[in-house]
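Asks: Pasting the sequence and the predicted model now:
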Amino acid sequence: MNNLMQLQGEANLPTKYGIFRMRAYAQAPDERMPIIMLYHPQTPMDKPVNVRIHSECMTGDLFGSLKCECGEQLHMAMEYIGKNGGILIYLRQEGRGIGIINKLHAYREQERGLNTVEANRVLGLEIDSRRYDCAIAILKDLKIDKINLMTNNPDKVKAFEGSSVQVVSRIPLEIEPGDENMDYLKTKKEFFKHRLDLI
């Protein structure tokens, strides 16, 4: 773990998917938006660990937005980890890193007919500024060097290249599309090259 990100607290968290151990990582103990990690206590550490790195999506994770599949992916990952063991790292980088306020501005542009990429460009925002180095540092702190990465995003797999953590396999987290998020998922597939089987 680098000297900027430290374990600040931990406790058990009972959920409908089982009891997890919850940890908060931050630069200071009074940080209001720490990185959160959930791990299943019975996770076997002598074999590749199931890992989900999930970027915060308040609209989807908390409010159940149908514009994306983020909340459904989060709960699918928790259910999988609850049954099979593993770790979920929750990174505070809302809206691919643009923040919730800019995300609302982007939503407004999408209501005018733009897709997620076009909306960000019109607003002069980065398309995807997320970073995963803190997640890799947490895994290294836990002495984890081999993982099964739960993702559809090839950029997350690439983020581990050159690190001491090896991605042994990829576990897909594909959600059935609906009317509200089909265009969003098509943009993920066509622009970001997410591995999705869309009808």
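Replies: Looks like it came in fine.

Asks: any idea which helix is longest in the chain?
Replies: Criterion DSSP state H: the longest helix present in the chain is helix 70-84.

Asks: Which secondary structure elements does that one sit against?
Replies: In terms of contacts (3 or more CB pairs under 8 Å, 6 or more residues apart in numbering; DSSP states H and E), helix 70-84 is packed against strand 18-26, strand 35-39, strand 49-55, strand 87-91. Where you see a C-beta, it was placed from the backbone N, CA and C, and this is true even at glycine.

Asks: Test my guess that I35 contacts A137.
Replies: No. With contact defined as CB atoms under 8 Å, I35 and A137 do not form a contacting pair (9.6 Å).

Asks: Now the common contact residues for the two.
Replies: The contact sets of I35 and A137 overlap at M5 (CB atoms under 8 Å, 6 or more residues apart in numbering).

Asks: Which one of these two is surrounded by more residues?
Replies: I35 (21 against 18; other CB atoms under 10 Å).

Asks: For the more buried one, which non-adjacent residue is spatially closest?
Replies: Nearest non-adjacent residue to I35, counting by CB to CB, 6 or more residues apart in numbering: Y25, 4.5 Å away.

Asks: I'd like to know how far that neighbour sits from S129.
Replies: Distance of Y25 to S129, computed by CB to CB, to the nearest Å: 20 Å.

Asks: Report the central residue of the protein.
Replies: The centre of the chain sits closest to H54, judged by CA atoms, centre = their mean, with a distance of 1.3 Å.

Asks: Which elements pack onto the helix or strand of the chain with the lowest mean pLDDT?
Replies: When the helices and strands of the chain are scored by mean pLDDT, DSSP states H and E, helix 182-190 comes last with a mean of 77. Applying 3+ CB pairs under 8 Å, 6+ apart, one finds that helix 182-190 contacts helix 116-122.

Asks: Of all the residues in the helix it packs on, which ones are buried?
Replies: Under the neighbour-count criterion of 16 or more other CB atoms under 10 Å, helix 116-122 has 116-120 buried.

Asks: same check, this time on stretch 107-118
Replies: Buried residues in stretch 107-118, defined by neighbour count with 16+ other CB under 10 Å: 109-110, 114-118.

Asks: Can you tell me what sits against that stretch?
Replies: 67, 106, 119, 122-123, 127, 183-184, 187, 191.

Asks: any weak-confidence spans in the protein?
Replies: Applying pLDDT under 70 to the chain flags the ranges 1-3, 198-199.

Asks: give me phi/psi at G178?
Replies: phi -130, psi 180 (degrees, to the nearest 10).

Asks: Can you tell me how far the residue in the chain sticking out farthest from the centre is from S164?
Replies: Each residue of the chain has a distance to the centre, and by CA atoms, centre = their mean the biggest one is for R112: 27.6 Å. Distance, R112 to S164, by CB to CB: 45 Å.

Asks: Remind me which helix or strand N102 belongs to.
Replies: Using DSSP states H and E, N102 falls within helix 100-111.
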